[in-house]
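**Student:** One predicted model, sequence on top.
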Amino acid sequence: MTAATQESALKPTASVVSPQNTTALIKQIKQMRSGNCRLLEAVQLPDADKSVYFKNIILGQISIDPREQKLARELLSKIRCTYTPMLMKKST
């Protein structure tokens, strides 16, 4: 393998994550934590999605991989939360 081939193999093929998308994901996770949420049953997720769910949503360790951020946003959209007036006041 030549040096040029090795270098191109190390470059990520996905697009770069935008700071706005990362910020929006962090804000959405923080808001979810301030409510009473019904989290997904992780055992029902496909194996490829479980690690993204636990790492990004449960642990709050946002990935810099745009594909993982997209999947995390999709998984967050499936989480149902209710917010009492007191909780809503704290989330703003």
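**Tutor:** Good, I have the coordinates.

**Student:** alpha carbons only for contacts and neighbour counts from here, please
**Tutor:** Noted.

**Student:** ends of stretch 35-45, how far apart?
**Tutor:** Using C-alpha to C-alpha, to the nearest Å, the end-to-end distance of stretch 35-45 comes out at 23 Å.

**Student:** no no, stretch 63-83
**Tutor:** First-to-last residue span, stretch 63-83, C-alpha to C-alpha: 27 Å.

**Student:** Now name the helix or strand holding residue 81.
**Tutor:** Assigned by DSSP states H and E, residue 81 belongs to strand 80-82.

**Student:** I'd like to know which elements that strand is packed against.
**Tutor:** Contacts defined by 3 or more C-alpha pairs under 8 Å, 6 or more residues apart in numbering; DSSP states H and E place strand 80-82 against strand 36-38.

**Student:** Tell me where this structure has helices.
**Tutor:** Residue ranges of the helices in the chain, as given by DSSP state H, are 3-10, 19-33, 47-52, 66-76, 85-91.

**Student:** hey, which of these is tucked in deepest?
**Tutor:** Compared across the helices of the chain, helix 66-76 shows the largest average neighbour count, a mean of 17 (mean count of other C-alpha atoms under 10 Å).

**Student:** Can I get it in PDB? Just the C-alpha atoms.
**Tutor:** Extracted as PDB, the C-alpha positions of helix 66-76 are listed here (Å, rounded to 0.1, in the frame of the first residue of the first chain):
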ATOM      1  CA  PRO A  66     -22.400  12.800  11.300                       C
ATOM      2  CA  ARG A  67     -24.000   9.400  10.700                       C
ATOM      3  CA  GLU A  68     -24.100   8.700  14.400                       C
ATOM      4  CA  GLN A  69     -25.500  12.200  15.200                       C
ATOM      5  CA  LYS A  70     -28.200  11.600  12.600                       C
ATOM      6  CA  LEU A  71     -29.100   8.300  14.100                       C
ATOM      7  CA  ALA A  72     -29.100   9.800  17.600                       C
ATOM      8  CA  ARG A  73     -31.600  12.500  16.400                       C
ATOM      9  CA  GLU A  74     -33.800   9.800  14.900                       C
ATOM     10  CA  LEU A  75     -33.700   7.800  18.100                       C
ATOM     11  CA  LEU A  76     -34.500  10.900  20.200                       C
END
